[in-house]
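let me see the structure of the following:
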Amino acid sequence: MIRNERLQVLLVDDDPEVLERTKEWFEGKEAFFCTTAPSAIVALDLLPAGKFDAVVSDCQMPGMDGVTFFKTLRAQGFQVPGVLYTGMGRDSVLEDALAAGASFYVRKGVGTRAELVELAHAVRAAVALASLR
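From the prediction side, this is the model:
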């Protein structure tokens, strides 16, 4: 649901630098409020306690990859919109990510301004798309 207040976003990535950079950008420039999780397993524990408008997840993580994470979310009944944010090539994960329940895919690079703006746009679009359902 799109609201006037900040969107609540769960960021999931095993790279602490990516988590911090993305959280700082989103909370400063994009007016989102972010909770971070260093793994999909931790994120699954956070979901029942929190109300998140969207999830942004890396793909290649130890324990559970991002595609499996989105499949698990859907299997557990969570309908929170999601964006896969990964350094993996588009062709190698796009179809699997969308089939698993991710709304969008954004290619992760070095965290440039343009990349983070694209990620924020994908989060907003995923939330807007979910609100139409």
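
by mean pLDDT, point me to the weakest helix or strand of the chain.
helix 90-100 (a mean of 82; mean pLDDT, DSSP states H and E).

so where's this protein uncertain?
For the chain, applying pLDDT under 70 flags the ranges 1-5, 89-90, 92.

the helices in the chain, which residues?
When assigned using DSSP state H, the helices of the chain occupy the ranges 16-28, 40-46, 66-75, 90-100, 113-131.

the most centrally placed residue in the chain: what's it in contact with?
When the chain is reduced to its mean C-alpha position, the nearest residue by CA atoms, centre = their mean turns out to be Val56, at 0.7 Å. Val56 is in contact with 9-12, 22, 82-83, 85, 119, 123, counting by CB atoms under 8 Å, 6 or more residues apart in numbering. (C-beta placed from N, C-alpha, C; glycine too.)

equivalent analysis for Asp15, please.
Contacts of Asp15 (CB under 8 Å, 6+ apart): Asp58.

can you list the residues that contact the least confident helix or strand of the chain?
With CB under 8 Å, 6+ apart as the criterion, helix 90-100 contacts 59, 66-68, 70-71, 74, 84, 86, 105, 107.

can you list the helices of the chain in CSV and add mean neighbour count?
As requested, those are arranged in CSV below (neighbours: other CB atoms under 10 Å):
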stretch, mean neighbour count
helix 16-28, 16
helix 40-46, 17
helix 66-75, 20
helix 90-100, 15
helix 113-131, 17
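
let's have those in a markdown table, adding distance to Cys34.
Converted to a markdown table, these look like this (distance: least, CB to CB, whole Å):
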| stretch | distance to Cys34 |
| --- | --- |
| helix 16-28 | 4 |
| helix 40-46 | 12 |
| helix 66-75 | 17 |
| helix 90-100 | 21 |
| helix 113-131 | 10 |
